[in-house]
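> coordinates only, sequence not included:
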């Protein structure tokens, strides 16, 4: 059984609490003895011990799982599958599902292997498995369905990279020269971070001022948020949304002046047809009746000079 991040034998028992069916109480003497057989890799005695435990306690999910593990380690694929399915019935563990798939793969029952592997990956196994190197899946790795399993793993581990909403602001990514009119006013490097969930802005103007922002799509509110901090102490928390028809990322914020007067802000980014970006910032001091444009710039990608 090659679910290696969980089932390295030396640490198997210690990791049981991480796979969804650990017992809150201290293990029984029978479980302790059976686990010691696993540590010693005495699979036949481990199988006998866990078989006795599940006979006496048919709802012991952990014992069913370990029985499956002991049988799988002896290449008793059918017996392992039977025990692991009992584990899944009792506890619905992704590890149990994963190793049912492993048994079916060993038996070259590909339809069943893919059915159970997909189920396990969608229920949590994607975070702890390595299907590309797991020997149990050698029989199905060249099957046309295997790339779908690899994609599920990538999607589960990096959900933002596969989210349409989280990719709406990607047009701002890049290494930019920033202009107001014909004058270059600064440079901005905007990069992806945190597995594609965050756009990190690194701004510097031509007089040495700097600023940094984090922009993220918040799936819980279905809104974008940008937190900006400037080198002069300015702090803004913008909230907004992407408007696809206008190709416009539209943010708003509210701040107070030192005297306590409210200022409303509209902060917009427009994706332009020539691969440039327009950034516009407007403010209102009359409650939104009128707005004044305080910043209107064009982002142009830096051109790389050829090296000899």
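Done, it's in. Worth saying up front: this structure is predicted, and the values here are computed from it rather than measured.
> which stretches of the stretch 1-150 of the chain form helices?
Ranges of helices within the stretch 1-150 of the chain are 4-7, 12-15, 29-39, 43-56, 61-73, 77-91, 94-106, 110-122, 146-157, based on DSSP state H, counting those that start in this stretch.
> So which elements touch the fourth one?
In other words, helix 43-56. helix 29-39, helix 61-73 (3 or more CB pairs under 8 Å, 6 or more residues apart in numbering; DSSP states H and E). Just so you know, the C-beta spots here come from the backbone N, C-alpha and C atoms, and that holds for glycine as well.
> and the ones you listed, which is most packed in?
helix 61-73 (a mean of 26; mean count of other CB atoms under 10 Å).
> what helices or strands is that one leaning on?
Other helices and strands packing on helix 61-73, by 3+ CB pairs under 8 Å, 6+ apart, are helix 29-39, helix 43-56, helix 77-91, helix 94-106.
> What average pLDDT does the first one get?
Summarised as a single mean, pLDDT over helix 29-39 is 96.
> ditto for the last one
When pLDDT is averaged over helix 94-106, the result is 97.
> Which of the helices and strands packed on helix 61-73 has the highest mean neighbour count?
helix 94-106 (a mean of 28).
> do you know how far residue 196 is from residue 215?
Distance of residue 196 to residue 215, given as CB to CB, to the nearest Å: 12 Å.
> which is the next helix or strand following the helix or strand that contains residue 236?
Element membership for residue 236 (DSSP states H and E) is strand 235-243. Note on strand 235-243: by DSSP H and E, the next helix or strand toward the C-terminus is strand 248-256.
> Report the angle between that following strand and strand 235-243.
Relative orientation of strand 248-256 versus strand 235-243 (axes from the mean of the first three to the mean of the last three CA atoms, to 10 degrees): 150 degrees.
> Mind listing the strands strand 248-256 pairs with, and their directions?
With DSSP bridges as the test, strand 248-256 is paired with strand 235-243 (antiparallel), strand 262-271 (antiparallel).
> Pull the residues that contact the shortest one.
Surrounding strand 235-243, the residues in contact under the criterion CB atoms under 8 Å, 6 or more residues apart in numbering are 165, 168-169, 222-229, 248-253, 255, 265, 267.
> For the residue nearest to residue 126 when sequence neighbours are not counted, give me its contacts.
Closest residue in space to residue 126, ignoring its immediate chain neighbours: residue 156 at 3.7 Å, by CB to CB, 6 or more residues apart in numbering. Contacts for residue 156 (CB under 8 Å, 6+ apart) come out as 121, 122, 126, 127.
> change it to 10 Å
Applying CB atoms under 10 Å, 6 or more residues apart in numbering to residue 156 gives the contacts 121, 122, 123, 124, 125, 126, 127, 162.
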